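> my questions concern the predicted model and sequence given below.
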Amino acid sequence: MTARPPSRNSSDPDVPKRVAAAAPPDRKTAAPKPRAGASHGVRAARPLTDGDRERLLAGAHHDPHALLGAHEMRGGVELRVLRPFARSVTVLAKGLRAELHEDGGGFFSGLLPMRTAPEYQLLVAYDDGTDEGTEIKVQDPYRFLPSLGDLDLHLIGEGRHEELWRALGAHPMVHQGVTGTRFTLWAPNARGVRVIGDFNYWDGTAHPMRSLGSTGVWELFVPGVGEGTLYKFDITRPDDSHTLRADPMARRAEVPPANASIVTESHHVWHDEEWMAGRGERPSHEAPFSVYELHLPSWRPGLTYRQLAVQLPAYVKDLGFTHVEFMPVAEHPFGGSWGYQVTGFYAPTSRMGTPDDFRHLVDALHRAGIGVIVDWVPAHFPKDDWALAEFDGRPLYEHEDPARAAHPDWGTLEFDYGRKEVRNFLVANATYWCEEFHIDGLRVDAVASMLYLDYSREQGEWTPNAHGGRENLDAVGFLQEMNATVYRRCPGVVTIAEESTAWDGVTRATHHVGPGGFGGLGFGLKWNMGWMHDSLGYVSHEPVHRKFHHNEMTFSMVYAYSENYVLPISHDEVVHGKRSLVSKMPGDWWQQRANHRAYLGFMWAHPGKQLLFMGQEFAQGAEWSEGHGPDWWLLDPSYAAEADHRGVRHLVRDLNTVYGATPALWQRDTDPGGFAWVEGDAAEDNVFAFLRYDASGTPLLALSHFSPVVRHEYRLGVPDAVQAWTEVLNTDGAQYGGSDVLNPDPLKPESVPSHGRPASIQLTLPPLATVWLRPA
């Protein structure tokens, strides 16, 4: 039985009644109908074989261009057209107007009295209920040479096309002097592929694609199709069934839950030249790096990218953060996944606007002096039947072994990192975001789940690697290639790993082999999940019990220089019953805020970069919800406790201001010589004190006091070369909502040995506070 045209989804336009009424009863067997008035000189063309005819109509032919279009042969030029529902097709060329013979099933053909194939157009007539009908003049897609070059095909075949997005997908272009769109798709297991969309009423019968050699790439140039066109691919699987798929390389998609791809082209003119030229002047681990993490759809719910471009840069700049980090912005069908189950890896989500609108937001942030990091999710993808899962009828993007393909935690599929084309898809995707959207950093999600074959799997549920180990060697190779490619192509970009284990060399160069026999993964920074877990555990205890957990705040310094770290208080720590940061703190409301402020002061002074999730900058008490975002009403002057929340936000601003102006806090984050304990054992006092040094040796003294009492004349050993110390930040300040226990006067060292140093100072320790001192 002849394959039926694909059914339409919610995004399809209504098929005109005139077209539906014109459909022949059976395209496969419809008998030819000679038409009166056919042009003289057009002889009958050779008939198609039954096999070719059936395969073309079923969308299962690998080379439709060999049968359709114009072909020179003895006796003239044979021209064949597949136009379902048409009542006639006339060829128009210079000096020629020739109506083709109808062959049934939507086929029209003729042998033109010409020696060479002309440049021609088609005049296609449809029934519309009138005697005259409707005529449409169109270009024939099957008169064009392949629009994808041999070099592109070679690089795709080798898995080394670093600009894959320029070769695959939908690209408006001028080809052989004609404007249209080139559609290309990698589907090596498909028997045939057709492109469908609103331009052909979601019936791809007339638009089968051709297979280009052994690369698995299918191609069709469709004249007259341009930006804004909705499309999908109708893939004939090895078992002859059909599946409708969104374009894996689509650079724009419909707003979910609709899922068609959209032809797009960028027209954005960038104005961030100064930012782009200067962003690579200092390595990220030797520069100030304070990150505000946010979920774009819920930061200010309802705002578009362009509206966010007005509000977000001003807000972040006022708080003094150097970067923003967006939770995943790539297209995803389910908002409740927060973007971590991606279906459109090359398309910014359309929920807030177009790709150029997203570029506008990035541009605005850059012009405000703020870097942009995006969360990138190459660890897995969802099983939606219109996306990547068993894309062409067989496992393609996922591993062919079901046990390797299924992610045990999230009900998703893991990529096959050992397949060169899949690796190319992901590596090119990383560079795509950096080059096309001027992204300054990629925070790679769930790296641990990629690195280990036994991740969340019990004994017997996984197979060791070739060396008998648990390491996923394919994933290691992919991450190394991704990092090396990004750093080579995109100067100034940083990659950041969310990696929760003790894997050796996450931020080591890929060519430096470690004790485990592996080269480094090549990331620039790594989230310090151990510091986050331990420090949050410490501050969640009542002060009277903290002495029993003192090591939870000091242990991080044992491994602080094993990697280049970021200290993350991310979205993961303020959802799913974990409570917001301020709500983790013990005590009454005053003590909770004081603990919150003291903890932030400790965090900003600790070696490593900082990341803080939205809402925590003003001590939001409720957990984050993607449904309504931060509780901005807490900052409304009419709210009785508004000053409490605004005070915390003032502190965050001052932390960032002093941090940025104090190289000791960021210049030597990865150098053990930039840190020295002063007091790390005062468990009974709940006190931690340490020195940070910049490249010139200038120190900053940071001390944190996690007891709700005031300690007077507290003695700390200090370097004897400093003549006096002055308080530069105190989280107990009245402007932050504290009790205003300060050290207002310069503190001069005394020749009293303390903490192994010949000189010391005495100062007042405020309750539940962090104090920073620098040379006067």
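Received it, and whenever you're ready, just let me know what you need.
> what residues does the helix or strand containing residue 450 touch?
Taking DSSP states H and E as the criterion, residue 450 maps to helix 447-451. Defining contact as CB atoms under 8 Å, 6 or more residues apart in numbering, one finds that helix 447-451 is touched by 378-380, 407, 409, 414, 417, 455-456, 471-472, 475-476, 478-479, 497-501, 503, 506, 521. Heads up, the C-betas are built off the backbone N, CA and C, glycines and all.
> switch the cut-off to 7 Å
Contact with helix 447-451 is made by 379, 455, 471, 472, 475, 476, 497, 498, 499, 500, 501, 503, as judged by CB atoms under 7 Å, 6 or more residues apart in numbering.
> ok, now stretch 575-590?
Against stretch 575-590 from outside (CB under 7 Å, 6+ apart): 536, 539-542, 569, 574, 591-593, 595-596, 615-616, 619-624, 708.
> of these, grab the buried ones for PyMOL.
The buried subset of the contacts of stretch 575-590, as determined by 16 or more other CB atoms under 10 Å, is captured in PyMOL by this line:
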select buried, resi 536+539+540+541+569+574+591+592+593+595+596+615+616+619+620+621+623+624+708
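> so of the contacts of stretch 575-590, which ones are in helices?
The helices, defined by DSSP state H, take in 536, 539, 591, 592, 593, 595, 596 from those.
> so how far is residue 621 from the fourth one?
Distance check for residue 592 against residue 621: by CB to CB, to the nearest Å, it reads 8 Å.
> same question, the last one
According to CB to CB, residue 596 stands 10 Å off from residue 621.
> the strands in the stretch 201-350 of the chain, which residues?
For the stretch 201-350 of the chain, applying DSSP state E, counting those that start in this stretch gives strands covering 210-212, 217-223, 230-236, 242-245, 261-262, 290-294, 323-326, 330-331, 344-348.
> for residue 704, which of the ones you listed is the nearest?
Residue 704 lies closest to strand 290-294 among the strands of the stretch 201-350 of the chain, at 18.2 Å (CB to CB).
> what lines up beside the closest one in the sheet?
strand 323-326 (parallel), strand 609-613 (parallel) (DSSP bridges).
> quick one: residues in contact with the next helix or strand after the longest one.
So the one you mean is strand 609-613. Later in the chain than strand 609-613, the nearest helix or strand by DSSP H and E is helix 642-660. Residues external to helix 642-660 that are found in contact with it (CB under 7 Å, 6+ apart): 288, 290, 318-321, 593, 596-597, 600-601, 604, 617-619, 634-636, 665-666, 728-729, 731, 735-737, 772.
> let me know the secondary structure of residue 62.
Put simply, residue 62 is coil when judged by DSSP: H, G, I helix; E, B strand; the rest coil.
> next up, the contacts around the residue nearest to it when sequence neighbours are not counted.
Nearest non-adjacent residue to residue 62, counting by CB to CB, 6 or more residues apart in numbering: residue 211, 4.3 Å away. Contact analysis of residue 211 by CB under 7 Å, 6+ apart lists 62, 63, 218.
> low pLDDT regions in the stretch 101-250 of the chain?
Residues of the stretch 101-250 of the chain meeting the criterion pLDDT under 70: none.
> got the contact list for residue 431?
162, 485, 486, 489, 490.
> what count of nearby residues applies to the second one?
Around residue 485 there are 18 other residues, counting by other CB atoms under 10 Å.
> repeat that for the first one.
Residue 162: 17 surrounding residues under other CB under 10 Å.
> ok, it to residue 186 distance?
According to CB to CB, residue 162 stands 16 Å off from residue 186.
> pull out the buried residues from stretch 49-62.
Going by neighbour count (16+ other CB under 10 Å), the buried part of stretch 49-62 is 53, 54, 55, 56, 57, 58, 59, 60, 61, 62.
> also stretch 527-534?
Judged by neighbour count using 16+ other CB under 10 Å, the buried positions of stretch 527-534 are 527, 528, 529, 530, 531, 532, 534.
> pick out whichever of those residues sits closest to residue 100.
residue 527 (64.8 Å).
> can you add pLDDT and distance to residue 436 and give the buried residues of stretch 49-62 back as CSV?
Output for the buried residues of stretch 49-62, formatted as CSV (pLDDT from 0 to 100; distance: CB to CB, whole Å):
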residue, pLDDT, distance to residue 436
53, 97, 43
54, 96, 42
55, 97, 38
56, 97, 37
57, 97, 39
58, 97, 37
59, 97, 32
60, 97, 35
61, 97, 34
62, 97, 32
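> which of the residues you listed fall in helices?
53, 54, 55, 56, 57, 58.
> so which of these comes closest to residue 558?
Out of these, the member with the shortest distance to residue 558 (by CB to CB) is residue 58, at 65.7 Å.
> where along the stretch 401-550 of the chain do the strands fall?
441-444, 494-497, 525-527.
> mean pLDDT and distance to residue 339 added to those strands, as a markdown table?
Below are the strands of the stretch 401-550 of the chain laid out as a markdown table (pLDDT from 0 to 100; distance: least, CB to CB, whole Å):
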| stretch | mean pLDDT | distance to residue 339 |
| --- | --- | --- |
| strand 441-444 | 98 | 12 |
| strand 494-497 | 98 | 16 |
| strand 525-527 | 98 | 17 |
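> residue 295: which of the ones you listed is closest?
strand 441-444 (13.4 Å).
> can I get that closest one in CSV, CA atoms only?
Below are the C-alpha coordinates for strand 441-444, written out as CSV (Å, rounded to 0.1, in the frame of the first residue of the first chain):
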residue,chain,number,x,y,z
GLY,A,441,31.9,30.6,29.4
LEU,A,442,30.3,27.1,29.3
ARG,A,443,29.4,25.4,32.6
VAL,A,444,29.2,21.8,31.7
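> is it true that residue 524 touches residue 565?
No. Counting by CB atoms under 7 Å, residue 524 stays clear of residue 565, with 11.0 Å between them.
> the two: which is more packed in?
Neighbour count, other CB under 10 Å: between residue 524 and residue 565, residue 565 has more, with 26 against 22.
> for that one, what are its contacts?
Residues near residue 565 by CB under 7 Å, 6+ apart: 525, 526, 528, 608.
> would you mind measuring from it to residue 525?
In this view, residue 565 and residue 525 are 7 Å apart by CB to CB.
> pLDDT of stretch 261-279, averaged?
Mean pLDDT, computed over stretch 261-279, is 97.
> which residues touch it?
Applying CB under 7 Å, 6+ apart, the external contacts of stretch 261-279 come out as 170, 172, 181, 225-232, 246-247, 250-254, 355-356, 359-360, 363, 366-367, 371, 438, 440, 492.
> need the contacts of helix 447-451 in a markdown table with neighbour count, can you?
A markdown table is the format used below for these (neighbours: other CB atoms under 10 Å):
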| residue | neighbour count |
| --- | --- |
| 379 | 24 |
| 455 | 19 |
| 471 | 18 |
| 472 | 23 |
| 475 | 23 |
| 476 | 19 |
| 497 | 29 |
| 498 | 20 |
| 499 | 24 |
| 500 | 17 |
| 501 | 13 |
| 503 | 20 |
